[in-house]
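Enquirer: got a predicted model here, sequence first, then my questions.
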Amino acid sequence: MWSNLTRLLVVVLTFFMPISVTFASCSELPSAKFPKLPYTDTILPTSATEDLHILETTLRSNHPSLFDYQSKAEFEMLTEELSQNVACAKTSADIFALASQMVASIGDAHTYVINPHELEIQAREPLFPLAIDIVNNQMFIDEKQVEEINDMTVASILKSLQRYLPSDANTTPYKNAFIQQDFATLFFTLLDRSSQFEIRFVDGQRMTLAAELRKTNKKSKEESHPSLKIMGSTATIKIPSWEDSSASSFNTPLAETAQNSFLGEFIFDAMSKVTIKDVNQLVVDMRGNKGGKSGPAALLLSFLISEPFKYYEEITVASDQFPTYEHVANKSLVDFYKSEKAQQLIEERGGQLFFKSELMPKIIPQPNVFVGDIVVMVDKFSLSVSTDVVANLIQHTNATVVGDEIGGSLTHYSAGNYLDLVLPNSKIRVNVPLQRLVY
């Protein structure tokens, strides 16, 4: 049996060139374009310098994959360029832009910057009023391809926004998922605060729209709940999210996950039905699934993989030292990592810190494992625990993966427990994962 302490430490919430694009001049900073910002506070250059230094120090000390997709020299060049732009910074919006570029360079979707004014913007500012879709780096509104918005080409809009956004391995699909999901707020914050939008479509048609206050978008219960459909010899299990407050992590005993968590109980019942019926093809639909708890995913995999397997091959951490402790909101997590009990779970090998191998036990297949064909459906929103499922199925089965884009990495990513870093002057929050998870 695994202790709650161990589970806490290993819980998972859930190749391309590095980003090194910075502002060429002060006039390119967001607030320089839009001097009247009633919801932002003026930031002194010395305060902006302090915030960026705290962020850089935290990333260097505690991020476990800082140099996976950029070299140390490239990161230092980027931070130097960003520090030179601090003299231009006047508001927290400027610090948000600079911090976002630093974080985006890492190539990790679980490391991200939170704009302290985002909710205020959404509540009080008229924004771009229509939903957009982004497919293969092209923008669509009601299935019509967009060429320009306010004389900016779609290509330039996406390129500009992508430099601020994180994604695994710096790939564009999940950056575009971010943009598609919150285009109105990002466009307003970083590019254009117009009260009117001139849209030109590829077919030459034009549309003029006035900015509007944000509308609430509520998901229906059918969209947010898992489901099982069996039609003839094909079964489809749809899992919109791995989020489940009643579930735990991948190293929880499978029987416990099946009995004590909502999603675990659903998966156990669904797969039990699939394996006793005349089903020879199983479709696992994880489109739109950005991750959550790994315990139910491990349970699902135990029905699909016929030999014992490890959910992760290894988990590493960058350091057990936290030099920016005073700026971390969740200090209890840091205290735990620094405790003797936590140290007993970690070992040093070759100058690197690893979780001990017994924290990653082999998962034993179910007696009634599924033996038919497996098809996995993904899209640009599929991330984190969803990529855990895909990566393990690719390694251990002949599963077919369907989808032009996938949001996450199929080799490794950083997640696990997270530092909630608060930059003291701008009040910007940064989510910093502490574990590097390798398949």
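Expert: Noted; the coordinates are in hand. Numbers count the residues shown, from 1 in each chain.
Enquirer: for the stretch 101-250 of the chain, which segments count as strands?
Expert: Listed from the start of the chain, the stretch 101-250 of the chain has strands (DSSP state E, counting those that start in this stretch) covering 112-114, 133-135, 138-141, 144-149, 152-153, 196-201, 206-210, 227-231, 234-238.
Enquirer: got these as a markdown table, with distance to residue 80 columns?
Expert: From N, CA and C alone the C-beta is placed, and that goes for glycine too. Putting the strands of the stretch 101-250 of the chain into a markdown table (distance: least, C-beta to C-beta, whole Å) gives the following:
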| stretch | distance to residue 80 |
| --- | --- |
| strand 112-114 | 19 |
| strand 133-135 | 32 |
| strand 138-141 | 34 |
| strand 144-149 | 33 |
| strand 152-153 | 29 |
| strand 196-201 | 37 |
| strand 206-210 | 41 |
| strand 227-231 | 51 |
| strand 234-238 | 48 |
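Enquirer: so can I have JSON lines of those showing mean neighbour count?
Expert: Written out in JSON lines, the entries for those read as follows (neighbours: other C-beta atoms under 10 Å):
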{"stretch": "strand 112-114", "mean neighbour count": "20"}
{"stretch": "strand 133-135", "mean neighbour count": "18"}
{"stretch": "strand 138-141", "mean neighbour count": "18"}
{"stretch": "strand 144-149", "mean neighbour count": "18"}
{"stretch": "strand 152-153", "mean neighbour count": "14"}
{"stretch": "strand 196-201", "mean neighbour count": "16"}
{"stretch": "strand 206-210", "mean neighbour count": "11"}
{"stretch": "strand 227-231", "mean neighbour count": "13"}
{"stretch": "strand 234-238", "mean neighbour count": "19"}
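Enquirer: need the ones you listed in CSV with distance to residue 65 and mean pLDDT, can you?
Expert: Putting the strands of the stretch 101-250 of the chain into CSV (distance: least, C-beta to C-beta, whole Å; pLDDT from 0 to 100) gives the following:
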stretch, distance to residue 65, mean pLDDT
strand 112-114, 14, 96
strand 133-135, 26, 95
strand 138-141, 30, 98
strand 144-149, 35, 98
strand 152-153, 33, 98
strand 196-201, 39, 98
strand 206-210, 41, 96
strand 227-231, 35, 97
strand 234-238, 31, 98
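Enquirer: give me the neighbour count for residue 297.
Expert: Using other C-beta atoms under 10 Å, the number of residues around residue 297 comes to 32.
Enquirer: related to what we said a few turns ago, looking at the strands of the stretch 101-250 of the chain, which is closest to residue 285?
Expert: Each of the strands of the stretch 101-250 of the chain has some distance to residue 285 by C-beta to C-beta; the shortest is strand 234-238, at 4.2 Å.
Enquirer: only C-alpha atoms, please: export the longest helix belonging to the chain in CSV.
Expert: In the chain, ranked by residue count with DSSP state H as the criterion, the top helix is helix 45-62. What follows is helix 45-62 as a C-alpha-only set of coordinates in CSV (Å, rounded to 0.1, in the frame of the first residue of the first chain):
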residue,chain,number,x,y,z
PRO,A,45,11.7,49.5,-13.9
THR,A,46,13.4,48.5,-10.7
SER,A,47,10.3,46.5,-9.6
ALA,A,48,10.0,45.0,-13.1
THR,A,49,13.7,43.9,-12.9
GLU,A,50,13.1,42.3,-9.5
ASP,A,51,10.1,40.3,-10.8
LEU,A,52,11.9,38.9,-13.8
HIS,A,53,14.9,38.1,-11.7
ILE,A,54,12.7,36.1,-9.2
LEU,A,55,11.1,34.3,-12.1
GLU,A,56,14.5,33.5,-13.7
THR,A,57,16.0,32.3,-10.4
THR,A,58,13.0,30.0,-9.8
LEU,A,59,13.2,28.4,-13.2
ARG,A,60,16.9,27.9,-13.0
SER,A,61,16.7,26.3,-9.6
ASN,A,62,13.5,24.3,-9.7
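Enquirer: what about it, average pLDDT?
Expert: The predicted model gives helix 45-62 an average pLDDT of 95.
Enquirer: okay, buried residues for that helix please.
Expert: 47-52, 54-56, 58-60, 62 (16 or more other C-beta atoms under 10 Å).
Enquirer: repeat that for stretch 239-252.
Expert: Buried residues in stretch 239-252, counted by 16+ other C-beta under 10 Å: 239-244, 247-252.
Enquirer: just flag the most distant two among those.
Expert: 240 and 251 (24.4 Å).
Enquirer: now render the buried residues of stretch 239-252 as CSV, adding pLDDT and distance to residue 310.
Expert: Below are the buried residues of stretch 239-252 laid out as CSV (pLDDT from 0 to 100; distance: C-beta to C-beta, whole Å):
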residue, pLDDT, distance to residue 310
239, 98, 22
240, 97, 27
241, 97, 24
242, 97, 19
243, 95, 24
244, 95, 22
247, 94, 19
248, 93, 17
249, 94, 14
250, 95, 9
251, 92, 10
252, 94, 15
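Enquirer: next up, the contacts around the residue of the chain most remote from its centre.
Expert: Among the C-alpha atoms of the chain, the one most distant from their mean position (C-alpha atoms, centre = their mean) is that of residue 278, at 37.5 Å. Neighbouring residues of residue 278 by C-beta atoms under 8 Å, 6 or more residues apart in numbering: residue 233.
Enquirer: kind regards, and thank you for your time.
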